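Trainee: 3D, please:
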Amino acid sequence: MSTAARGGQNALPTYANARDRNDSVSSGSDENTGDEAMDERTVAQQLQQLVIDPLEIFSVDGSRLVADDAGTESPAPMHGDASNTAARESEPRALNTASDATWDFLANAAQMFEQPAELSEITRADVDRGFDMQGYWWGGRAMQRRMYMEYRRTAYPQYQGVSHDVRSVLEQARAVDPTGKLYRFRYAATGDRFRCKITHFQLRDLVWATSSYDVFYWHADGVQSWNPWQRRRQCVVARREMPESFRLSALCVDGGTVFAGDYNGRYFVKSLWADNGASASGQLGDISDVGDIVNHVSPACMRGRVSVAMNSGRVDVFDVHRATVIERSPFAWAVNCTAEGADGALACVVGDSTQGLLVDPRQGYRKVAQLQGHSDYAFACALSPDGRLVATGSQDTSVRVYDVRWPREAAAVVCGNIGAMRVVRFSACGRFLLAAEAADYVHVYETPTLECAQQVEFMGEVAGATFSPDANCMFVGISDAVHADTLAEFTRISDPAHSDTQGFTCISA
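Mentor: Okay, the predicted model is just below:
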């Protein structure tokens, strides 16, 4: 995690309301009828001309970079900025009926979805009736939803740690069929109680599942446990139990233990199985360091240990039973994520570098091989259960899968829709690879080819996504101030080839 990124650690991307792009937006049944009657191809073409280029890059503070007459880049206000709106109103504007109609149409679409959802609990039966997984009704309004999602994709701010050409990354990506049917939506709960709190826009692995009935997530009140089958939620770690001013940045729940790290290099660990709820807290480093953020925590192969990725450029192996660091391994860059194989013979380490590393944890994280190909920093990695495949997710919008027997180049490359890949996980069976983008999209690929995939589409920031240990369930945490905060559950389809479910391969289609 770069210094610039740390400076904007609390700023999540926001969308400007589509209505701000139009000086005079009118509404009414007559105009809505006219919008719906518009030729779909014409509307799509007009939208493509009007929205910002999806490959434009945003600066850290959220302002868009545009070129002035001299060819240099300067920050421009985001859509909806007060000064920008006033400037537009003072400038004469030629009337463009087609453009006005398009933005009227988009404004109406935004009005439908930038408001509270109709349902707080959503089941498969509700989806069959025309609701989406967040409780919004869109039966008969697929075109409006599709345009709104397209707007979100083009308006979403992009952050680059290393300047690169996104087009060159997309050209390397494999053609993927996104209409696969691998997991079926079963149930979702929405509302403030299920808000998975995101404390840093780059750190999103905050949802963990220890079984199909126990899902853990970070909430403003503390670490929460959710049982989607009994529809029951309880707090397992209250905020008052944690040290004063503890700002959680990373979470791991495994083997009956909750481990949390914060922005100052501190930890908090608690046993969920002990009768007295024993807990411990302390400093991972020698002294408290404001810049020593705990970027990620992952279970180690040896039970009772976790690997802690530190922003100061090291990996700490922590014994949760003794509450002590038993090994430290330094790296040349900030470590953003680690993943250890099931046998403990191999681990993947990625961070503020375009190159990842395969290391041997048994020999002090000795370098075994280098993983090349990414154009930006990586924040996610995972090893398959059999130890033959390693996947890395980067801010260059791609997921790269390597064969550890030939790690010189990626065996497969796939790209997302909206931006950085923040979470990457293999299922316990090794058949599926989950890749979560920063917002709006979670992808499930069939390994090892990745040619068949299921795309889950929604509205909001991704706080985390994970499989249950038996791979029969998949859980997605969505955090969004405008749309419904959601925890959603999907169940595995036993025979995808003969399933008649639509399974949210593309919600807007």
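
Trainee: Show the pLDDT at residue 274.
Mentor: As predicted, residue 274 sits at a pLDDT of 78.

Trainee: For it, give its distance to residue 280.
Mentor: Plainly put, residue 274 is 11 Å away from residue 280 if you go by C-beta to C-beta, to the nearest Å. Any C-beta I mention is one placed from the backbone N, CA and C, and that applies to glycine too.

Trainee: same question, residue 258
Mentor: Between residue 258 and residue 280 the computed distance is 11 Å (C-beta to C-beta).

Trainee: do residue 155 as well
Mentor: In this view, residue 155 and residue 280 are 44 Å apart by C-beta to C-beta.

Trainee: Which one's more surrounded, the two?
Mentor: More crowded of residue 155 and residue 280, by other C-beta atoms under 10 Å: residue 155, with 22 against 14.

Trainee: For the more buried one, grab phi and psi.
Mentor: Note on residue 155: its backbone torsions stand at phi -90, psi -10 [degrees, to the nearest 10].

Trainee: burial count for residue 431?
Mentor: Neighbour tally, residue 431, other C-beta under 10 Å: 17.

Trainee: okay, now the domains of this protein?
Mentor: Under the assignment automatic domain parsing, the domains of the chain span 3-155, 185-498.

Trainee: all strands in the stretch 151-300 of the chain, in order from the N-terminus.
Mentor: 183-190, 207-211, 214-219, 222-227, 232-238, 248-254, 257-262, 266-271, 279-283, 294-299 (DSSP state E, counting those that start in this stretch).

Trainee: All the helices of this protein, in order from the start?
Mentor: For the chain, the helices defined by DSSP state H cover 3-7, 29-37, 40-50, 82-90, 97-113, 124-129, 142-155, 166-172.

Trainee: Report the mean confidence score over the second one.
Mentor: Averaging pLDDT along helix 29-37 yields 40.

Trainee: got it, and the shortest one?
Mentor: Per-residue pLDDT values over helix 3-7 give a mean of 51.

Trainee: same deal with the fifth one?
Mentor: Helix 97-113 shows a mean pLDDT of 58 in the predicted model.

Trainee: Equivalent analysis for stretch 449-462, please.
Mentor: Averaged across stretch 449-462, the pLDDT comes to 93.

Trainee: And stretch 245-261, by the same measure?
Mentor: Mean predicted lDDT for stretch 245-261 stands at 94.

Trainee: what about it, start to end distance?
Mentor: Start and end residues of stretch 245-261 are separated by 12 Å (C-alpha to C-alpha, to the nearest Å).

Trainee: any idea how far that stretch is from the chain center?
Mentor: Taking C-alpha atoms, centre = their mean, to the nearest Å, the mean C-alpha location of stretch 245-261 is offset from the chain mean by 18 Å.

Trainee: tell me which residues of that stretch are tucked away?
Mentor: 246, 248-255, 257-261 (16 or more other C-beta atoms under 10 Å).

Trainee: and if you look at stretch 419-434?
Mentor: When burial is assessed from 16+ other C-beta under 10 Å, stretch 419-434 yields the following buried residues: 419-427, 430-434.

Trainee: Among those residues, find me the one that's closest to residue 183.
Mentor: Checking the buried residues of stretch 419-434 against residue 183 with C-beta to C-beta, the nearest one is residue 432 at 8.3 Å.

Trainee: quick one, what contacts that closest one?
Mentor: Counting by C-beta atoms under 8 Å, 6 or more residues apart in numbering, residue 432 makes contact with 182, 426, 444, 445, 446, 447, 467, 471.

Trainee: what is the mean pLDDT for stretch 181-200?
Mentor: In this model, stretch 181-200 has a mean pLDDT of 94.

Trainee: Endpoint to endpoint, that stretch covers what distance?
Mentor: Using C-alpha to C-alpha, the end-to-end distance of stretch 181-200 comes to 32 Å.

Trainee: from what I can see residue 457 touches residue 437, true?
Mentor: No: taking contacts as C-beta atoms under 8 Å, residue 457 lies outside contact range of residue 437: 10.4 Å.

Trainee: Compare the two and say which is more crowded by neighbours.
Mentor: Using other C-beta under 10 Å as the criterion, residue 457 and residue 437 rank with residue 437 on top: 25 against 19.

Trainee: State the pLDDT value of the closest residue to that one other than its chain neighbours.
Mentor: Nearest in space to residue 437, with sequence neighbours left out and distances taken as C-beta to C-beta, 6 or more residues apart in numbering, is residue 416 at 4.4 Å. pLDDT, residue 416: 93.

Trainee: and what of residue 141?
Mentor: Value for residue 141, per-residue pLDDT: 79.

Trainee: what's the answer for residue 345, then?
Mentor: Looking at residue 345, its pLDDT is 91.

Trainee: okay, now residue 366: neighbour count?
Mentor: Neighbourhood size, residue 366 [other C-beta under 10 Å]: 11.

Trainee: wait, it sits on residue 359?
Mentor: Yes: Residue 366 lies in contact with residue 359 (C-beta under 8 Å); the separation is 6.1 Å.

Trainee: By mean pLDDT, flag the weakest helix or strand of the protein.
Mentor: strand 64-67 (a mean of 34; mean pLDDT, DSSP states H and E).

Trainee: Show me what the longest strand anywhere in the chain is packed up against.
Mentor: If you go by DSSP state E, the chain has its longest strand at strand 453-467. With contacts defined as 3 or more C-beta pairs under 8 Å, 6 or more residues apart in numbering; DSSP states H and E, strand 453-467 has these neighbours: helix 142-155, strand 207-211, strand 214-219, strand 421-426, strand 432-437, strand 439-446, strand 473-479, strand 486-492.

Trainee: counting contacts, what elements does the first one pack onto?
Mentor: Secondary-structure packing of helix 142-155 (3+ C-beta pairs under 8 Å, 6+ apart): helix 40-50, helix 97-113, strand 439-446, strand 453-467.

Trainee: Rounded mean pLDDT for the first one, please.
Mentor: Per-residue pLDDT values across helix 40-50 average out to 48.

Trainee: Could you number the chain from 36 rather than 1 from now on?
Mentor: Got it, first residue is 36 now, which makes that one helix 75-85.

Trainee: show me where pLDDT drops low in this structure?
Mentor: Within the chain, the segments meeting pLDDT under 70 span 37-148, 322-325, 530-544.
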